[in-house]
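Chemist: Fold the following for me, if possible:
(one chain, ligands or ions: 1)
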Amino acid sequence: MDKVFVQGLEVLTTIGVYEWEKGIQQKLRFDLEMGHDNVPAAQNDDINKALDYATLSQLVTEYAEQHQFELVETMAERVAELILTRFAVKSVKVRLTKPTAVANASGVGVEIERFAN
Ligand SMILES: Nc1nc2c(c(=O)[nH]1)N=C([C@H](O)[C@@H](O)CO)CN2
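Modeler: Residues are numbered from 1 along each chain as shown. Model prediction:
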């Protein structure tokens with residue numbers, strides 16, 4: 001399966017389990033990988049037949065900025081649902097990193113993969 005990916009998409013949002021986290025913004029980093037047939041876009045050299053990674057990045061950024069969750073698991077799941085609902089993709093992998101959560105780690109987070117029906 002062909003892929004379209006977005007690497008290192010950084011978004012500032014309110015996320016966390018603890019009370020002190022509910023009044024601040026923290027950085028999240030999304031790595032997204034979509035299963036998509038890229039042949040029609042390549043054959044026609046046509047953005048309308050492509051999975052537009054710019055539009056997808058904008059949608060994910062706006063969603064993450066505007067929604068507040070406690071867990072990175074919840075954010076990852078909702079973003080996967082959003083992509084599967086809004087784009088004609090066969091699968092989506094969401095790797096979500098919270099870079100500043102654990103002081104002596106460069107990042108912590110989750111990775112999930114979900115499939116279209
Ligand atoms: N599996 C998870 N563990 C933890 C999460 C989380 O979202 N998923 N969140 C926290 C806190 O919000 C933490 O990021 C604050 O430093 C702790 N563990």
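
Chemist: ok, stretch 69-87 near the ligand or not?
Modeler: Yes: interface with the ligand: stretch 69-87 contributes 71-73 (CB under 6 Å from any ligand atom). The C-beta positions use only the backbone N, C-alpha and C, and glycine is treated the same way.

Chemist: could you dump that stretch to CSV, C-alpha only?
Modeler: Extracted C-alpha coordinates of stretch 69-87, given in CSV (Å, rounded to 0.1, in the frame of the first residue of the first chain):
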residue,chain,number,x,y,z
PHE,A,69,-8.3,15.9,26.6
GLU,A,70,-6.5,14.4,29.6
LEU,A,71,-4.8,11.5,27.7
VAL,A,72,-2.6,11.4,24.6
GLU,A,73,-4.4,8.2,23.9
THR,A,74,-7.7,10.0,23.5
MET,A,75,-6.2,12.7,21.3
ALA,A,76,-4.6,10.1,19.0
GLU,A,77,-7.8,8.1,18.7
ARG,A,78,-9.9,11.2,17.9
VAL,A,79,-7.4,12.4,15.3
ALA,A,80,-7.4,8.9,13.7
GLU,A,81,-11.2,9.0,13.5
LEU,A,82,-11.1,12.5,12.1
ILE,A,83,-8.8,11.5,9.3
LEU,A,84,-10.7,8.3,8.4
THR,A,85,-14.0,10.3,8.3
ARG,A,86,-12.8,13.2,6.3
PHE,A,87,-10.4,11.6,3.8
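
Chemist: Helices along this protein, start to end?
Modeler: Along the chain, counting by DSSP state H, helices occupy 39-44, 53-66, 72-86.

Chemist: Tell me which of these is the most buried.
Modeler: Counting by mean count of other CB atoms under 10 Å, helix 72-86 has the highest mean neighbour count of those, with a mean of 18.

Chemist: Give me the helices and strands touching that helix, please.
Modeler: Applying 3 or more CB pairs under 8 Å, 6 or more residues apart in numbering; DSSP states H and E, one finds that helix 72-86 contacts strand 26-35, helix 53-66, strand 91-98, strand 108-115.

Chemist: Before I go, just wanted to say thanks for your time.
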